[in-house]
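Peer 1: Next comes the sequence, and after it the predicted model I'd like to discuss.
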Amino acid sequence: MKYLRSARVSIFLAIRSLWRGNKGITVLTIGMLALIYINLLFLPSLIEGLSHKVSLQLIETLTSNVILSSSNSGSNITNTDELLTNIRSNTSVVDATPTLRVGTQISKGNISNVWSVDAIEPDSFGKVFTTPSNIIEGSFLDKNDTDSIVLGVEIAGAGQTNMQGYAISLKNVHAGDTVTVSLINGKTHDFKVKGIFNNNFLQSDQKAYISQKDANLLLPITKNHSTSVYVKSKNTESNTSLGDNLVSKQPGIKYQTSDDLAGPVRDQLKTFDLINQILKIISLIVAAITVFIVTYVDLINKRKQIGIERAIGIQSKAIIGNYLLKSAFFAMIGISIGALVFLYVLAPIVVQHPFKFPYGYVTLYINQGSMIQNALILSAVTLLSSLVPAFQSVRIKILDAIWGL
Amino acid sequence: MITVNNLSKIYKMGKVEVPALSDVSFDIEKGMMVGLMGKSGSGKTTLLRQLSLIDRPNSGSIIIDAKDVIDLPEGKRSILRLNTLGYVFQEYALIPELTAIENVYLPAMMSGVKSKKYKKLAKNLLETVGLGNEINHLPKELSGGQQQRVAIARAMINNPKVIFADEPTANLDSISAKTVMDTLKNLNKKTGVTIIFVSHDPDDKKYATQLIFLKDGRITEEYV
């Protein structure tokens, strides 16, 4: 009953104070909480967006979700057509595409370097990877192309002197030029550069592709062979589970997931995650200190009033409750405004004007779980920030409170 | 009703100890209107604050209705301040975000009186102190004298046994001051509530039925 009475007085005082109190302080506090919440979301979302972009680039341009290869090291898959039919019959699979390592070195004039050249099925390749849509010069391969090659920008150079690997590239190869490829059978063959792609992803931009038709002509012995089969999943199950399912009926085939092949990218992702965690903690500390200062200053200014309320017999619980309720209101409105601004103003602006990173354009990655978590943490910090000074104010002597000591 | 024995209060100003009350003893009967008189610094406000349980003395005892209230924990003192004692501050001390009637019924709300009842009580009290037309005014819309009368109504809302008034007319013009003192006197006569007020104005002596004069923290004269 006592608690009910205190709650009634708390609610009454809080409503009246919000309704008739200093609107400037209310707006300032809510605005500040909204900004803090946006700050809590913005950088982590950007880093998460970057991390997500890198993962996506990895899967969409280099590894797909699951990669099948022969379990005998150095051997090819020799029944590719049968394997593809089996893979495509799996309902969790979007499509699969085989690749066959056919070349090891590319040269143009005096410049030459070691790059892998893979033979691909252009149609299925385009369903598994986004590389065909990242052409910056010429066009991508067609299934009937012969003597044609597409090069990653890190191989071609394409005159882009500011590019990361320009120094080791062919420097100035463009669509229409001819390059020489050293094939795995020891012979060389000239290919006309049909297109140059730029995935904005170092590892996949160091790839070169010819059509499977070409490979069958140049290396007939490898017909129906593949080095790897890349599988794009519908993401209805985990990559591991899909991999297990795919190899269970295929003796002599092993699988790896995109995570297994992430290599240095995995370290980058871990670094991003770590930076994200550090930023979150720093943002929360800054948020806690800022909220504490604002509510503390507000409460210090209300000490005299608190003293008077205590002098006329208002219970400490009711006084503390009043300030907690106001803080809860400020947190609720501030966080709501912050969330709305973030979701409906900032995120669309960033979609329109994304940040350009070396991995390409990055937008904010909105993680609802993280938004809820940050909202709860900020609410708790806000409540604590008002609880501490309110508690102090009801602990000091009434006269000290009235005199503002 | 109230018995004070050997009450002493020392304030510490840094390392210096300043005695504000020294060995003060007196009795107040129920229904009296007591004036604590004296010059500035005589200890009258300090005495009022000890009696009203806003401050704690260093030694001595205060017995209200046969109960020694000195050593009560803060929670119980707070309940006594709410239900048994009323306090009128020198500077009105109304809550600025509450209207006159809301300021008056706030203590009743805390006491657990039902909503309809406390609103009616507050309205009646405001009419009694002559503010029937200003019940929905905020403190800033009221004059000093009106605010002080709201404070008196607030002090009365829980039907206290004693009302303490700390120089209730100090900040008022003479007409408002007279209205406030008349209001207190009328309440004392009408309801029988004991009123203890502090004043340094010799003219206020006429309102008192008991006078206690203080000087340097000691009682110099006492009249009933």
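Peer 2: Happy to help now that I have it.
Peer 1: Please name the nearest non-neighbouring residue to whatever residue of the stretch 251-400 of chain A ends up closest to chain B.
Peer 2: Nearest to chain B, among the residues of the stretch 251-400 of chain A, is A:Gly313, at 2.6 Å (Cβ to the nearest Cβ). Where you see a C-beta, it was placed from the backbone N, CA and C, and this is true even at glycine. Nearest non-adjacent residue to A:Gly313, counting by Cβ to Cβ, 6 or more residues apart in numbering or on different chains: B:Leu82, 2.6 Å away.
Peer 1: so where do the helices sit in the chain?
Peer 2: Reading this off chain A. A:2-20, A:23-58, A:80-88, A:122-128, A:153-156, A:212-218, A:239-248, A:264-301, A:303-311, A:316-341, A:347-352, A:368-395, A:398-403 (DSSP state H).
Peer 1: Chain B was what I was after
Peer 2: B:44-51, B:74-83, B:100-111, B:115-128, B:144-156, B:174-191.
Peer 1: what distance separates the fifth one from the middle of the whole chain?
Peer 2: Right, the one you point to is helix B:144-156. 11 Å (Cα atoms, centre = their mean, to the nearest Å).
Peer 1: That one and chain A, any residue contact?
Peer 2: Yes: using Cβ under 8 Å from any Cβ of the partner chain, we find that helix B:144-156 touches chain A at B:154-155.
Peer 1: Now do the contacts for A:Asp142.
Peer 2: Neighbouring residues of A:Asp142 by Cβ atoms under 8 Å, 6 or more residues apart in numbering or on different chains: A:122, A:211.
Peer 1: What residue in chain B comes nearest to chain A?
Peer 2: For chain B and chain A, the shortest gap (Cβ to the nearest Cβ) falls at B:Leu82, measuring 2.6 Å.
Peer 1: if we can go back for a sec, figure out which of the helices of chain B is closest to A:Ser6.
Peer 2: Taking Cβ to Cβ, helix B:100-111 is the member of these nearest to A:Ser6, at 7.7 Å.
Peer 1: Which secondary structure elements does that closest one sit against?
Peer 2: On a contact count with 3 or more Cβ pairs under 8 Å, 6 or more residues apart in numbering or on different chains; DSSP states H and E, helix B:100-111 meets helix A:2-20, helix B:74-83, helix B:115-128, helix B:144-156.
Peer 1: would TSV of the helices of chain B with mean pLDDT and distance to A:Ser107 be doable?
Peer 2: Output for the helices of chain B, formatted as TSV (pLDDT from 0 to 100; distance: least, Cβ to Cβ, whole Å):
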stretch	mean pLDDT	distance to A:Ser107
helix B:44-51	93	98
helix B:74-83	91	90
helix B:100-111	95	90
helix B:115-128	93	92
helix B:144-156	92	96
helix B:174-191	90	104
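Peer 1: any idea how far A:Leu141 is from the closest residue to A:Phe12 other than its chain neighbours?
Peer 2: If the residues on either side of it in the chain are set aside, A:Phe12 comes closest to B:Met109, at 6.5 Å by Cβ to Cβ, 6+ apart. Remark: distance between B:Met109 and A:Leu141 (Cβ to Cβ, to the nearest Å) = 81 Å.
Peer 1: One more: A:Asp267?
Peer 2: 32 Å.
Peer 1: With neighbour numbers in mind, choose between the two.
Peer 2: The neighbour comparison of A:Asp267 against A:Leu141 (other Cβ atoms under 10 Å in any protein chain shown) goes to A:Leu141, with 25 against 10.
Peer 1: and the more buried one, what does it touch?
Peer 2: Per Cβ under 8 Å, 6+ apart, neighbours of A:Leu141: A:120, A:122, A:125, A:132, A:148, A:150, A:194-195, A:209-211.
Peer 1: The residue nearest to A:Gly313 touches B:Met110, doesn't it?
Peer 2: Yes: at 5.9 Å, B:Leu82 counts as touching B:Met110 under the criterion of Cβ atoms under 8 Å.
Peer 1: anything in contact with each of the two?
Peer 2: In contact with both B:Leu82 and B:Met110: A:313-315, using Cβ under 8 Å, 6+ apart.
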